[in-house]
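Asker: Need the 3D shape of this:
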Amino acid sequence: MRATRLLENRTSAENFSSIGQEQLVLLLAKHKALLLQSDEGSDPLTVEEFAEFLEGLKLEKYDYLGGAAPRRVIPVKANVEVYTANEAPPDQLIPFHHELAQVVNPPQYLFFYCDLPSETGGETALIDSTLVYRFAADHYPEFIEKLKVYGARYKRTMPAEDDKNSPIGRSFYNTYQVTNQLDLEKKLSEIPGLEYEWTHDGSLTVTTEPIPAVKMIEQQHAHGIYQWTFHNSIVAAWIGWADSRNDRTKSVRFGNNDEMDPKVLDAIADFMNANKVSYKWKKGDIFAINNRLVMHSRNPFTGPRRVYASMFGDVLRTNVVKRDCVGQVMEDFSALNVSDPTTFGMWRLNDPEEIAYNAIVAGYRRFDSACDYGNEELTGRGIRRAIYEGIVKRDDLYITTKLWNTYHHPDHVPLALDRCLEDLGLDYVDEFLVHFPISMEFVSFADKYPPEWKNMNGEMVLVKNDISETWKAMEELVASGKTRFIGLSNFNCQHIRQVLSIAKIRPTSLQIECHPHLSQKKLIRLAREAGIRVTAYSPLGGTSYISLDMATPSDLLFDNPIIDGISKRHNKTAAQVMLRWSIQRDTLPISKSSNLRRMHENRAIFDFYLTLEEVNAIDSLNRNHRYNDPGVFCEGMGTFCPIYE
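Answerer: Okay, the predicted model is just below:
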C-alpha cells in the first residue's frame, strides 16, 4: 500500500507492506491526512477491501448522531459501517468543516473511498485547521478569544423525512437515531443547554448547547500535537446551511447568543478557499483524515460520483505486548501525557524572583529548578508571589528540582530535598530528579551551599556509590509526600537500564541536553518506550554556553540558513522554529528569557507545525555535539569524568 501526505508533499509516496492501527494513528498524528492507494501496478482497491482494511485497524465504532447530511448505508461483509458521503446536489459546494464538529464528541478518524470518480470537479478539498486558526487569530483576535470563552451554538430545522434535495436535509429521526417523537424529546431534554421547538409543518428546530469551537489538541496516543485548531462547523453552517427550512445567516452564533460578524465569517471562508488542497479522485483511492486536525469540503461536480465514508472514535485496545529496555511489560504510559509542553528554566538568570513571577504571568506553568542553580530562594519568592496574588494556585504549577552530585548517599538524599523545599518555600515539589549520574564527596550544608563541583579544598572528588541505593532513597521521598514524582537527568541508556532494573517506582521523566546539534534520537526512543517523558534543556543550542567558554559564536543556530528559511516560511522566529521542532520530536523544551515579550513569544508555538521535510532538514544539522559535557569541563577541575561514552 502507498501512503501520500496530502497536506505536505504530494509528489512523494511511501510504500508499506501493510498499515496497521499503531502505524496509521501515528502517521495521522504527525501528518494529519493521507492518501492511501494500492501498490503501483496493482488493481484499485474495491469497496470490500476498503471495509476489510478499516476492520483491521480496530478503531472504536462511532454512531453517526447529530449530522446534517443525508446518507445511505453501503452493505459490506466486514464489521464496519460504510455509507455514502454527503449526498448534497452535485452543483452545490459543501463548505469546510470538521466532521460533526457541531456535536460534543465528534469522530476522531474519518475515511473516504472513491468507487467512481466524477467526470469533472468533485474533489474532496482539505485544509489544515491550525492554519485557519492562525489566520483568524492574527486578523480577528477578539473573535477567536470570544470563541474560546463561549464556543458556538448551531441552529438547524430538520424535516421528518430525509430531504435529498438539501445538503442538510437529514431528518430529525435519523439525526438523533430514534423512531418516535416521544423518544426524540426525551433524548433532547437530556442534553443540558439544548433548545428545541416544533414548527407548524411538523419540522423540528434545534439550537445546540454551546459547543467548543476552538480546541487545543494536545496529544494523540502519547505523540505530542500541541496545536490550536479552528475546530467547528461555523463556516459550513454560515455558508451551507440553507434550504427551504433554514436561513444560513441564522444558523450559528456565539455560545452566549451574541451574533457573529458576517465580515469575519466571510473572510475566514475566503481564506479557506484560497488555501485549500484539492485532490482529484481516482477509483480505489482512500483518504484517511485526522478529524481533530483537518477540515474537509466537497467541490461541485458533473456526472455520476460514488464516494463512500466511514468514521470512527479512538483506537481499541489491542493485545500487543510492549516491553521496556529491561524486558518489563509496559502498560502505564501516563507519564507521557502532558497538557502543556513548555517549561521555563531557572538556570543562570539575573533576577530570578522577578523572572519567575513574570514567567507565570506569561503563561508558564512548568518550572525547572535545581539546587546547583543557586537561586531557589529567589525562585520560590517569585512563585509564591504569583500564588499570593491569585494568578495561579499551587496545584496549577509543576515544579521540578534536582538532587546534586554530593548528596547521592541514601542518608543525604532526604536532607537535600528538605533544603530545596526550604529555599523554595514549598511543602512539596512535583518532581525530584537525580541531576547527574556522578557521585561526589559529600559537602555539608553548613560549609557550602550549593556545593557546586568542588569540595572545601577546591577539588572535585568522585566517590564510590551504587546509584541503585540512591534511587531507593528517592523512592522513599515519594512516600513522604515531599515529591510527587522522581526522575533522572543526564543519564544515558545504560544508566536508565540500571535504574529500571531495580525500581519499585519508575522514573517519570528524563532531562537531557537536546537541540539541532545534538538530536539524541535513540536515547529519546528508549526513554519513551519505557514510559519516561523527555525534557530537553538548551533546545536552542549553544547560546547559553558562550559566556562560559563552552561554545563559540559559530555554534549559534539563529542564523543557520536551514532554520532561517523555515522561520521565514512560517513567519516565526528561529527560536520558535527550534522549540516547535523539539515538541514535534516528543520532547518538552526548556526555554528561558528575562524579557516578558520573548517569554510570550516562546510560548507562541501552537499555531503552526513543521512538515516532515522541515523536521528532517533540522535533523540534518545534528553533529552529536554536547555543550554541557562533564567529560570535557571536569578536566578543568583536575578530574576526568566522562558519562556519555
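Asker: Please make it C-alpha for all contacts and neighbour counts, starting now.
Answerer: OK.
Asker: Partner strands of the helix or strand of the chain with the lowest mean pLDDT, with direction?
Answerer: Using mean pLDDT, DSSP states H and E, the weakest-scoring helix or strand in the chain turns out to be strand 13-15, at a mean of 84. Strand 13-15 pairs in its sheet with strand 2-5 (antiparallel), by DSSP bridges.
Asker: re earlier: and the helix or strand that comes right after the least confident helix or strand of the chain, how far out from the chain middle?
Answerer: As assigned by DSSP states H and E, the chain's next helix or strand after strand 13-15 is helix 21-31. Relative to its chain's centre, helix 21-31 lies at 13 Å (C-alpha atoms, centre = their mean, to the nearest Å).
Asker: Now tell me what touches helix 21-31 from outside.
Answerer: 5, 7-8, 34, 56-59, 220-221, 223, 225, 288-290, 315, 611-612 (C-alpha atoms under 8 Å, 6 or more residues apart in numbering).
Asker: filter those residues to the buried ones?
Answerer: Listed as buried from these are 5, 7-8, 34, 57-59, 220, 223, 225, 288-290, 315, 611; burial here means 16 or more other C-alpha atoms under 10 Å.
Asker: which ones among these are found in helices?
Answerer: Leu57 (DSSP state H).
Asker: what's the farthest-apart pair in the buried ones among the contacts of helix 21-31?
Answerer: The largest distance within the buried ones among the contacts of helix 21-31, taken as C-alpha to C-alpha, falls between Lys58 and Thr611 and amounts to 27.6 Å.
Asker: now the residue nearest the centre of the chain: how far from Leu27?
Answerer: For the chain, the residue nearest the mean C-alpha position is Ile225 (2.1 Å; C-alpha atoms, centre = their mean). Noted for Ile225: a distance of 12 Å to Leu27, by C-alpha to C-alpha, to the nearest Å.
Asker: Also Ile239?
Answerer: In terms of C-alpha to C-alpha, Ile239 sits 32 Å off from Leu27.
Asker: need the longest strand for the protein.
Answerer: strand 306-315 (DSSP state E).
Asker: Neighbouring strands of that strand in the sheet, and parallel or not?
Answerer: Applying DSSP bridges, one finds strand 306-315 paired with strand 59-61 (antiparallel), strand 83-84 (antiparallel), strand 109-116 (antiparallel).
Asker: Regarding Arg385, what is its secondary structure?
Answerer: Three-state assignment for Arg385 (DSSP: H, G, I helix; E, B strand; the rest coil): helix.
Asker: so what's the nearest residue to it once chain neighbours are set aside up against?
Answerer: Distances taken as C-alpha to C-alpha, 6 or more residues apart in numbering put Tyr357 closest to Arg385, at 6.9 Å, once the chain neighbours are dropped. Tyr357 sits next to Gly382, Ile383, Arg385, Ala386 when contact means C-alpha under 8 Å, 6+ apart.
Asker: residue contacts, the second one?
Answerer: With contacts defined as C-alpha under 8 Å, 6+ apart, the neighbours of Ile383 are Glu353, Ala356, Tyr357, Ile360.
Asker: Highest neighbour count among those residues?
Answerer: Greatest neighbour count in the contacts of Ile383, by other C-alpha atoms under 10 Å, goes to Ala356: 28 neighbours.
Asker: Figure out how far the host helix or strand of it is from the centre of its chain.
Answerer: Using DSSP H and E, Ala356 maps to helix 352-361. Offset of helix 352-361 from its chain centre (C-alpha atoms, centre = their mean): 26 Å.
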